[in-house]
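> Here's a sequence, model it:
(one chain, ligands or ions: 2)
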Amino acid sequence: MTQRYHIWTEGCQMNVADSQKLAAGLDRFGWQATDGPEGADLVVLNTCVVRDKSEQRAISHLGRLKAMKRKGQGDFKIVVMGCMVGPKDDELRKRFPYVDHFARPQAFEGIFENLGLSDDTGGEFWPTAFPTPTGPTAYVPVIHGCDKFCTYCIVPYRRGRETSRPMDEIVQEVAHMVHGGVREVTLLGQTVEAYGLDFPEQRPDLGDLMAAMHDLPNLERIRFLTSYPKNMTRKIIEAVRDLPRVTEFFNIPVQHGSDPVLERMRRGYTLSEFHEKVDLIRSLMPEASITTDIIVGFCGETESEFQDTLRLLEEVRFDKVHVAMYSPRPGTIAARKMEDDVPLEVKKERLHAIEELEERISTQLNLRLEGTDQEILVEGRRESRWYGRTRSNKLVHFVGETQIGDVVTVHIDRATAWSLQGTTAADALPLVL
Ligand code: SAM
Ligand code: SF4
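Ligands and ions are numbered 1, 2, ... in the order given. Below you'll find the predicted structure:
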């Protein structure tokens with residue numbers, strides 16, 4: 001009988017990519033994906049613990065699965081993978097004895113072994129288990145782990161040291177994706193510009209990697225995430241400018257607008273160094289879109305330090321900001337050595353202040369696109385409208401004749417802070433003068 005699996009994914013794009021890779025491995029054994037745990041033989045939770053909230057979501061999901069099994073509503077194995085699983089899993093085993101297997105991020109082999117599937121199945125370094133494309137866009141991890149050890153962050157403890165994948169294997173994976181209908185790839189890393197630094201000898205950088213895949217037929221766009229200011233070299237930024245299929249879109253988390261806080265976070269750069277990178281990008285690509293991540297309420301954050309962050313957002317005018325309240329993560333340097341002393345109410349106020357300011361800035365920036373024509377890669381259709389993204393990664397809903405995977409010109413009729421609306425240029429009403 002066909003075995004069925006269900007994968008629940010929480011967290012970042014890297015987890016999405018890992019889940020797809022695991023699914024590809026299971027598919028190779030003839031297993032079938034299901035939408036929910038009902039009727040599944042295997043349920044995998046691919047977890048995120050970057051903030052307490054995401055960890056709690058995984059824990060309550062586990063509770064629901066346990067209850068289903070107890071009530072006889074399911075007879076499945078449970079696998080927990082992702083950032084909830086550190087190098088030692090004894091604590092987890094004690095706490096969740098009903099879980100059949102714990103797998104660290106990308107440790108796919110153990111999952112297959114646990115299921116009695118011992119063939120050369122999948123996992124990062126088996127090109128035969130490249131993920132199966134599920135649409136016109138795909139994530140491709142190029143460097144795993146992180147060496148930076150920002151004081152608030154759990155990632156290096158869970159994902160290990162920076163480890164780049166061989167360039168030819170990545171290019172092969174992208175070619176496989178493109179063959180399956182993918183038109184846009186996003187190259188992933190926690191610090192994606194660190195790509196290649198860990199290779200012993202010849203060290204291709206992110207620019208070389210993008211150049212190596214650039215001319216694959218039918219590949220329309222190459223994106224990359226997440227930028228770490230210190231690893232962004234002029235050479236890489238120039239490669240973004242010079243390679244036409246690489247989009248002018250940068251996600252560069254700054255995290256804070258005050259140097260003393262950046263130091264407490266141990267981010268490894270000053271604000272003036274951050275500004276230098278942004279200025280360089282904008283001088284080479286004036287139309288570049290830049291987004292960022294901000295943490296509010298980090299240990300010891302004073303009102304005036306918080307005001308510095310607001311000022312930074314006014315100065316840089318990011319296209320979008322992901323803002324989070326500081327959440328202490330056990331085991332990190334901040335959780336061990338600093339006090340989480342900003343009250344929750346203050347954190348919430350600061351979060352809302354950032355959201356309000358950014359809504360105003362994003363609206364202003366997006367309004368400038370009204371009346372322009374934008375190149376859109378069509379990703380899908382919802383409620384009788386198509387949707388896709390501009391090269392600068394802005395979401396666009398539009399009407400007109402097209403199909404998924406097409407690259408079309410869309411005339412932008414309306415803009416809000418969150419998205420743009422338009423009409424395919426061929427269907428746009430002629431301007432009445
Ligand atoms: N590597 C990227 C960087 O250098 O910022 C981001 C990776 S991190 C997993 C994703 C985002 O989660 C961060 O940008 C940060 O804003 C947020 N984050 C990480 N640890 C956090 C914590 N302890 N509390 C709140 N937000 C956190
Ligand atoms: Fe976490 Fe800092 Fe590494 Fe980003 S660079 S993953 S925030 S330790």
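> Show me what from the protein comes close to ligand 1.
12, 50-51, 152-153, 155, 190-191, 226, 228, 253, 255, 293, 295, 324, 326-327, 329 (Cβ under 6 Å from any ligand atom). Backbone N, C-alpha and C define where each C-beta goes, glycine included.
> now do 5 Å
The chain comes close to ligand 1 at residues 50-51, 152-153, 155, 190, 226, 253, 293, 295, 324, 326-327, 329, as judged by Cβ under 5 Å from any ligand atom.
> give me the subset of those residues touching ligand 2.
153, 155, 190.
> In JSON lines, list these along with secondary structure, pLDDT and neighbour count.
Below are those laid out as JSON lines (DSSP: H, G, I helix; E, B strand; the rest coil; pLDDT from 0 to 100; neighbours: other Cβ atoms under 10 Å):
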{"residue": "Cys153", "secondary structure": "coil", "pLDDT": "98", "neighbour count": "22"}
{"residue": "Val155", "secondary structure": "helix", "pLDDT": "95", "neighbour count": "23"}
{"residue": "Gln190", "secondary structure": "coil", "pLDDT": "96", "neighbour count": "22"}
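> one step back: type out the PyMOL command that picks the buried ones from the residues of the chain next to ligand 1.
To isolate the buried ones among those in PyMOL, judged by 16 or more other Cβ atoms under 10 Å, type:
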select buried, resi 50+51+152+153+155+190+226+253+293+295+324+326+327+329
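> Inside helices: which ones of the residues of the chain next to ligand 1?
Val155 (DSSP state H).
> how about the closest residue to Pro141 other than its chain neighbours, phi and psi?
Excluding its sequence neighbours, the residue lying closest to Pro141 (Cβ to Cβ, 6 or more residues apart in numbering) is Leu188, at 4.6 Å. Backbone torsions for Leu188, taken as degrees, to the nearest 10, come to phi -110, psi 140.
> pretty sure Leu188 is touching Val140, no?
Yes: applying Cβ atoms under 8 Å, one finds Leu188 in contact with Val140, separated by 6.5 Å.
> okay, and the common contacts of these two?
Ala17 (Cβ atoms under 8 Å, 6 or more residues apart in numbering).
> Please read off the pLDDT at the residue nearest to Pro141 from the model.
Here, the pLDDT recorded for Leu188 equals 97.
> check contacts around it.
Counting by Cβ under 8 Å, 6+ apart, Leu188 makes contact with 13-14, 17, 139-143, 224-226.
> Okay, it and Ser164: tell me how far apart.
Leu188 is 12 Å from Ser164, where distance means Cβ to Cβ, to the nearest Å.
> tell me the SS of the closest residue to Arg385 other than its chain neighbours?
Among residues not flanking Arg385 along the chain, His397 sits closest, at 4.7 Å (Cβ to Cβ, 6+ apart). Three-state call for His397 (DSSP: H, G, I helix; E, B strand; the rest coil): strand.
> Same check on the one 5 residues further on?
The three-state label for Thr402, taken from three-state DSSP, comes out as coil.
> ditto for Val408
strand.
> so what's the closest residue in space to Ile281 that isn't next to it in sequence up against?
Leaving out its chain neighbours, the residue that sits closest to Ile281 by Cβ to Cβ, 6+ apart is Ala288, at 5.2 Å. By Cβ under 8 Å, 6+ apart, the contact list for Ala288 reads 248-250, 281-282, 392.
> quick one: which of those residues has the most company?
Compared across these, Phe250 has the highest neighbour count, 26 neighbours, by other Cβ atoms under 10 Å.
> Work out the sheet partners of the helix or strand containing it and label each with its direction, please.
Assessed by DSSP states H and E, Phe250 sits inside strand 249-251. Each strand paired with strand 249-251, and its direction, by DSSP bridges: strand 289-296 (parallel).
> quick one: the helix or strand following the strand it pairs with to chain centroid distance?
Using DSSP H and E, the helix or strand that follows strand 289-296 towards the C-terminus is helix 303-316. Centroid displacement of helix 303-316 relative to its chain, using Cα atoms, centre = their mean, to the nearest Å, is 25 Å.
> Okay, buried residues for helix 303-316 please.
305-306, 308-310, 312-313, 316.
> Turn those into TSV, including pLDDT.
What follows is those, written out as TSV (pLDDT from 0 to 100):
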residue	pLDDT
Glu305	98
Phe306	98
Asp308	98
Thr309	98
Leu310	98
Leu312	98
Leu313	98
Val316	98
